[in-house]
Each structure stands twice: as structure tokens, then as C-alpha cells.
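K.L.:
give me a 3D structure for the following:
(chains A and B)
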Amino acid sequence: MNRSNAAVDVGSSSSTEAVRVEGLTKVFPNGVRALSGIDLTVRQGEFLVIIGLSGSGKSTLLRCLNRLIDPSEGRAWIFGDEITATAGADLRAMRAEVAMIFQQFNLVKRHTVISNVLSGALGRSPLWSSLFLRFSEEEKAQAQAYLDRVGLGDRAGSRADALSGGQQQRVAIARALMQKPRLVLADEPVASLDPALRHSVMRHIEALNREEGMTVLCTLHDIDLIERYASRVVALRDGRLVYEGKPTSFDAVTFRQIYGEDAVMAGSATD
Amino acid sequence: MEISAELQRQQRSLWRHRMRQVQAFCIDLLLLTLMLLMVEFLVVAFSGRRGPTGLLVTPEEILDLLHYGWAVSGAAFLALLWGLGSNVLGTSPGRALVLGVPEREGHPPWTRTLRGWFIALMVELTVFTGWLITEVQLVTFLTQFSKATDIVRGLLHPSSSVLHQGLVLLVQTIFLAFMATAFAIPVAFCLSFLAARNLTRDTFLLRSAYTLVRAGMNFTRAVEPLVWALIFISWVGIGPFAGVLALWVHSVAALVKLYSEQIENIDHGPVDAITATGASHLQVLRYGVVPQVIPPFLSFTIYRWDINVRMSTIIGFVGGGGIGYILKPRVDLGQWGEVGTLVLLIAATVWCMDILSAKIRERIV
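P.N.:
Numbering: from 1, shown residues only, chains lettered A, B, ... in the order given. Below is the predicted model:
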């Protein structure tokens, strides 16, 4: 990674800063304006929950942070390095420090569970052996240990698509652990899971934050999950930041501000 | 800066709208030209006009007589008229196709619109013209069967004299098709990634590679395997190897098309997930793309082998080895009993391959 660039970066002030975003804007080729000038700072160790309606730009924001989507304007720094000004091998090295967890789990369905966990290490494994699906013994032991940790140690040899949704998301969390990131982006990690399973997955994501000290940016819909896990909440509406504060100071008025006049604050808010 | 970007976008959308109007006009022009030409064709054909030899003019002669220039100018006039008078006449077919039917016209049944009648007329004209141009003779077809009885009798009484040689060459045919498919797999596999739109958007180099591979493969596929066989026969000489090469070239082109379409249809989720780990392009392909396309690739490849067995018969006709090589002279000499034997052998093989490949493909997917 291009550590030397950090000194050149105009804004890398505090060393406790995990993510900083300035004027981030994304206009898709079809004219849809997903983000309009987002400014945001996330300190290391935070569990930041991003809320907002579907289409408010939450997903686009997360994907701009690891450059799965290239922003149209604005800049973003991850641990002081400007990811929006990076390309090629440097970009890949930066991505390796940022794990992502998806709503649809996005496992390689035809590979085994353990192979999916091992793929988290691709950012630092040698090219040729990884192309033949070969990993070192330490990496395999490590992957098995992470699987044990999410409670799926006995399913290491199963095909990924043989697992239930909640189990697949736990494999995805083990994959994120295997990546040994400093930042985790979780894009609606529990939205396609049975409500009864949501806490079991969220607790593992919380463990990434509490036990591993990883900074977490997570998009969520359910009020009770937000109150339970978030250390801070920001809300997006039509691609703009409209709210920022503690999860406890979250009341019916701000709720309507974010979700519109028709929304009802119940146990959970869905789209 | 914001404003100028907005202005640019507006200009671009205006320009795009103009291009669509031109497209619509071109389609109308084409359709109306075809209509005028077919009307003229039918008028001439039924006018009883005689050619220089004193006989009734043949369809080919009529095609030479048509007034193409007049038809195009007339059609341009009509297309313009229809475009300008679309308030009264309803939307023209070209505009309906490119720009869609405007809301105010609603969805009337086709009998209520000029467009509907026009299309109905075009279908009828095409059938009539086609009937004349291909010289359809229903009466002959239904009454002159006796002339072909010899051949049918021969095919139904296969002679055993050619059975042994036929079986030997059948084995050659199957292996010929197999080798052509086997050689095609690695080449098609590598090229198909360059021929998939979703993997070749990022850089100019990749986009050019996409265009190049697509164009090359379309051309290769357009050339009949028979022509490839003739080329390779003069290259490596008469025999099964020329047949292998001919089918190989054609299989590569066909497989690249099928493979790349599969790649374009993959679920992009795993690709995103692997990219997010910091993996390189090759690793993303290996983990995000390849596992998703292996089963359909296998299925298409077996299907291709099946097709190659069928095609190798025709390749044999011109000297590309296989069973077609001994079939051709017997057809020419009218030894219908022996032809019958060979045809039965081919049919049995194709039938077996068909069942086998269907069974295997069922298992894979």
C-alpha cells in the first residue's frame, strides 16, 4: 500500500480516523443521482449504522468506500489513505483492509464452505497457487478456526449452497474475518434473513467490532437492531445526509424526517 | 459547472432523440420500398408479359425488371407523408418500433389502425411473392411421387456389403467429432472471457479485444464448415485430420458465443464479494466467475460434440474423413441399398449421441 501518500493527503488529520468522506457524489450513467455531496467522518472502533429508505443511497455509499462503484465527485479516505485517488495494485491492497458483507451473502455457491472462507485471504495469497485453489496449511487452520467461531466448524466440507441463509451469512462473516480487515462494510446483512435469526448474525458482526477492534459501517432497517448494536446512527434521504446522532435519541419526529410522513414507528421499519 | 453538465446532458438526449427519428424513418423507408417492389413484382408476374425468348417471364427475370430507384423514391415520399401526417394516419411502424406508440393513441385493435392493415398487407405480399420466387408447385409434389420410389426402396432394403467398412468409418467419425470438440474447448474457454460484455467494460484495451473477438467469431461462424473443410483439405491434405480442423474452427466460434452468453448471465454478487477482498483480476475470474459457468460450459460442450458428429458426415462428402467419405460416391452412382445402410448407421449413432448427451446434461445442470 501507498503509505507514503498519507502525508501528502490534505485532510488526514487524526490518527483515530477510520473513514472520511468529503463531498461524495454519484450520478449513474442513466442519470440517477444516488449520492449528493456526502460529508462523513467515522472514528476507529465505531459501530456506525446507516439508515434510510431503499434507494436512499446507503448501498452506493458503502460501495464507493471500497470502490466497487467509482464515485462521480468527491473524495474518500480509509485510515488516512485516499482510496478515491488509488488504482491498480495499491487499490487492491487497500481493499484487502476493508471486508464487505452483503445482503445476498454472495458466497461462491459451488465451492465448499472452507474454500469460501479461504477466499477472504485472496488479497495476500500468491497468485498461481490461489488460481489452483491451493492455500497454505496455516491459512487452512486459520479458516477452520474462524468457522468454529461462527459455529459452523462441522460444515467445512459442505457445498456453500447446501447451507441455510443464516448459516451462509455466518460463512460470509468468517470470510470477512479471514481477510483480517480493519474496517467492515455490512450492506443490509440481515435483511434477507428470518427475523428470528437476525440477532444471531448481528452478534457475530458485533464481535468483529468489540473483540477484534474493527470499525463497522452497517446498513440496517429494524429499529430494535439499531438501538441494540449501533454506537452512532446516520440517516440518508435522497442521497443526502439528513440525520446524525446517538441511537437512543431517535424519536418519532426524526423517524418521519428520514422515512417520510407515511412511515409509522413500530417495532421495525421496513421498506 | 453543474449547469454546463446539465446542458450537455440535455443536448445529448436531444441528439439521441434525433437519431431515433432517423432510425424510425429508415425502417419505414425499408418497409415501404419492399411493399412497392412486391406489388410491382406481382403485377408483372400476373400481367402475362413475355420475355425475349417468347416464353412467360421467369421470377428471376422479373427481379431484373423491377424499378428499384422509383420504388425507393416513392417509398421515401410515402414514409415522409406518414411521418408528417401521423396525427391523422396514426403512428408509422418504424416510429412504433423505435419510439413506441404515444399514449394518446391508446391500444386500438389492429383493424382500426393503418399500421395494422399495412403489416397484414406486408405479410400477405411476402407469402405470395415467396410462393412465386421459390416456384412452389403443389400439384407436382402431390402427384409425382413414383419417380422417387427407387431411392426409397433402396433405403428401406439396406445392403450388407458396405456394413463392415461403414462401421469402421463410423468409429472414425465419432473420434473425429470428439477431437474437434476437445481441441476447441481450451481456445473457446480463453476467448469467451474476452467476448463477454460484462467483463470487458473497464479499459479501452478490453473493449477493443471484445469487439475484435466478437467480430472474428461471427465471421468464422458465418463461414460454413464445408468451406473450412475445403480450405483445410488443401492445407493438410484429404483425410480425417482436415475434418477435425474444419469442425474445430467452427466449434470454437460456436462455443465462444454460447460460453460468453453464459458469462454475461452470471450472478454478479460473488464477483463483487471476491473483488472486495482485494483479489486481482485473474483471482476474481477464477473464484467469482468460473465456478458459476462450469456446469453450463460442460453441457454446451457435450451438445457441441453431438452436433459435430452430425456435421462430420457432410464434411466427409468433400474429403474430410469419416463416414461421409464413402457415402458420397454411392449417392452419385445411385447405389441406394448401400446408401441406405450408411444412412441407417448415421441415424443410429446420432440417435444414441442425442440420448446420451441429454442424459449427461440433465445430470450436470
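K.L.:
contacts and neighbour counts: CA atoms only from here.
P.N.:
Will do.
K.L.:
what does residue 101 show for phi and psi?
P.N.:
Since you didn't name a chain, this refers to chain A. Main-chain dihedrals, residue A:101, degrees, to the nearest 10: phi -120, psi 130.
K.L.:
I was after chain B.
P.N.:
phi -80, psi 130.
K.L.:
if you skip the residues just before and after it, what's nearest to it?
P.N.:
In space, and not counting its chain neighbours, residue B:101 is closest to residue B:91: 6.6 Å by C-alpha to C-alpha, 6 or more residues apart in numbering or on different chains.
K.L.:
may I ask which helix or strand encompasses that neighbour?
P.N.:
Element membership of residue B:91 [criterion: DSSP states H and E] is none; it lies in no helix or strand.
K.L.:
what's around it, how many residues?
P.N.:
Residue B:91 has 23 neighbours, counted by other C-alpha atoms under 10 Å in any protein chain shown.
K.L.:
check the residue nearest the centre of chain B and give its pLDDT.
P.N.:
By C-alpha atoms, centre = their mean, chain B has its centre lying nearest to residue B:222, at 8.0 Å. Looking at residue B:222, its pLDDT is 91.
K.L.:
pretty sure residue A:233 sits in a strand.
P.N.:
Yes - according to DSSP: H, G, I helix; E, B strand; the rest coil, residue A:233 belongs to a strand.
K.L.:
quick check: the residue in the stretch 151-271 of chain A positioned nearest to chain B vs residue A:95, distance?
P.N.:
Residue nearest to chain B within the stretch 151-271 of chain A: residue A:179 (6.7 Å; C-alpha to the nearest C-alpha). Relative to residue A:95, residue A:179 is positioned 10 Å away (C-alpha to C-alpha, to the nearest Å).
K.L.:
between these two, which contacts overlap?
P.N.:
Listed as contacting both residue A:179 and residue A:95 by C-alpha atoms under 8 Å, 6 or more residues apart in numbering or on different chains are A:123, B:277.
K.L.:
re earlier: wait, the residue nearest to residue B:101 sits on residue B:115?
P.N.:
Yes - counting by C-alpha atoms under 8 Å, residue B:115 is a contact partner of residue B:91 at 7.0 Å.
K.L.:
show me where pLDDT drops low in the stretch 101-250 of chain B?
P.N.:
Within the stretch 101-250 of chain B, no range satisfies pLDDT under 70.
K.L.:
show me what contacts residue B:251?
P.N.:
B:180-181, B:184, B:304, B:308.
K.L.:
out of those, which comes closest to residue B:284?
P.N.:
Set against residue B:284, the nearest of the contacts of residue B:251 by C-alpha to C-alpha is residue B:184 (24.1 Å).
K.L.:
before we move on, what SS does that closest one have?
P.N.:
helix.
K.L.:
where does residue A:269 land on pLDDT?
P.N.:
Looking at residue A:269, its pLDDT is 43.
K.L.:
ok, back up a step: quick one: the residue nearest to residue B:101 from residue B:28, how far?
P.N.:
Taking C-alpha to C-alpha, one finds residue B:91 at 11 Å from residue B:28.
K.L.:
before we move on, what about residue A:90?
P.N.:
Distance, residue A:90 to residue B:28, by C-alpha to C-alpha: 54 Å.
K.L.:
can you tell me the helix or strand for the one residue sitting closest to the centre of chain A?
P.N.:
By C-alpha atoms, centre = their mean, the mean C-alpha position of chain A lies nearest to residue A:185, the distance being 1.1 Å. Secondary structure from DSSP H and E places residue A:185 in strand A:183-186.
K.L.:
likewise residue B:211?
P.N.:
Assigned by DSSP H and E, residue B:211 belongs to helix B:204-222.
K.L.:
pull out the buried positions in that helix.
P.N.:
By 16 or more other C-alpha atoms under 10 Å in any protein chain shown, the buried positions in helix B:204-222 come out as B:206-207, B:209-210, B:213-214, B:217, B:220-221.
K.L.:
so which residues on the stretch 201-350 of chain B come close to chain A?
P.N.:
B:269-270, B:272-280, B:282-283, B:286-288, B:291-292 (C-alpha under 8 Å from any C-alpha of the partner chain).
K.L.:
can you flag the buried ones in those?
P.N.:
B:269-270, B:272-280, B:283, B:286-288, B:292.
K.L.:
farthest pair within these?
P.N.:
Maximum pairwise distance among these (C-alpha to C-alpha): 20.1 Å, between B:278 and B:292.
K.L.:
ok, residues contacting the helix or strand just after the strand holding residue A:185?
P.N.:
Once the chain leaves strand A:183-186, the next helix or strand it forms, by DSSP H and E, is helix A:198-210. Residues outside helix A:198-210 that contact it (C-alpha under 8 Å, 6+ apart) are A:45-47, A:150, A:166, A:169-170, A:173, A:177, A:189-190, A:214-216, A:225, A:229.
K.L.:
for residue A:100, which non-adjacent residue is spatially closest?
P.N.:
Closest residue to residue A:100 apart from its sequence neighbours, by C-alpha to C-alpha, 6+ apart: residue A:185 at 4.7 Å.
K.L.:
if I pick the one you found, what's in contact with it?
P.N.:
Counted by C-alpha under 8 Å, 6+ apart, residue A:185 has contacts A:62, A:98-101, A:216-218.
K.L.:
just the pLDDT for it.
P.N.:
In this model, residue A:185 is scored at 96, pLDDT.
K.L.:
cross the contacts of residue A:185 against helices and list the overlap.
P.N.:
Taking DSSP state H as the definition of helices, those contribute residue A:62.
K.L.:
so residue B:289 makes contact with residue B:263?
P.N.:
Yes - here residue B:289 reaches residue B:263: they are 7.2 Å apart, a contact under C-alpha under 8 Å.
K.L.:
please name the nearest non-neighbouring residue to residue B:80.
P.N.:
By the measure of C-alpha to C-alpha, 6+ apart, the closest residue to residue B:80 outside its immediate chain neighbours is residue B:25, 7.7 Å from it.
K.L.:
just the pLDDT at the one you found, thanks.
P.N.:
pLDDT recorded at residue B:25 is 92.
K.L.:
same check on residue A:219?
P.N.:
94.
K.L.:
and it, how far is that from residue A:67?
P.N.:
17 Å.
K.L.:
same deal with residue A:220?
P.N.:
Per C-alpha to C-alpha, residue A:220 is found 21 Å from residue A:67.
K.L.:
repeat that for residue B:177.
P.N.:
Residue B:177 sits 47 Å away from residue A:67, going by C-alpha to C-alpha.
K.L.:
ok, these two, which is more surrounded?
P.N.:
residue B:177 (27 against 22).
K.L.:
residue contacts, that one?
P.N.:
Counting by C-alpha under 8 Å, 6+ apart, residue B:177 makes contact with B:244, B:247, B:305-306, B:308-309, B:312.
K.L.:
please repeat the previous calculation with a cut-off of 6 Å.
P.N.:
Residues in contact with residue B:177 (C-alpha atoms under 6 Å, 6 or more residues apart in numbering or on different chains) are B:305, B:308-309.
K.L.:
for stretch B:260-280, C-alpha coordinates in CSV please.
P.N.:
Extracted in CSV, the C-alpha atoms of stretch B:260-280 (Å, rounded to 0.1, in the frame of the first residue of the first chain):
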residue,chain,number,x,y,z
SER,B,260,-19.7,-15.9,-23.4
GLU,B,261,-23.5,-15.6,-23.2
GLN,B,262,-23.3,-17.8,-20.0
ILE,B,263,-20.7,-15.5,-18.6
GLU,B,264,-22.9,-12.5,-19.3
ASN,B,265,-25.7,-14.1,-17.3
ILE,B,266,-23.8,-14.8,-14.1
ASP,B,267,-24.8,-13.6,-10.7
HIS,B,268,-22.6,-10.5,-10.1
GLY,B,269,-22.7,-10.9,-6.3
PRO,B,270,-19.8,-13.3,-5.9
VAL,B,271,-17.7,-11.2,-8.3
ASP,B,272,-18.3,-8.2,-6.1
ALA,B,273,-17.5,-10.2,-3.0
ILE,B,274,-14.2,-11.5,-4.3
THR,B,275,-13.3,-8.1,-5.7
ALA,B,276,-13.9,-6.6,-2.2
THR,B,277,-11.3,-9.0,-0.7
GLY,B,278,-8.6,-7.2,-2.7
ALA,B,279,-8.2,-10.1,-5.2
SER,B,280,-6.6,-9.5,-8.6
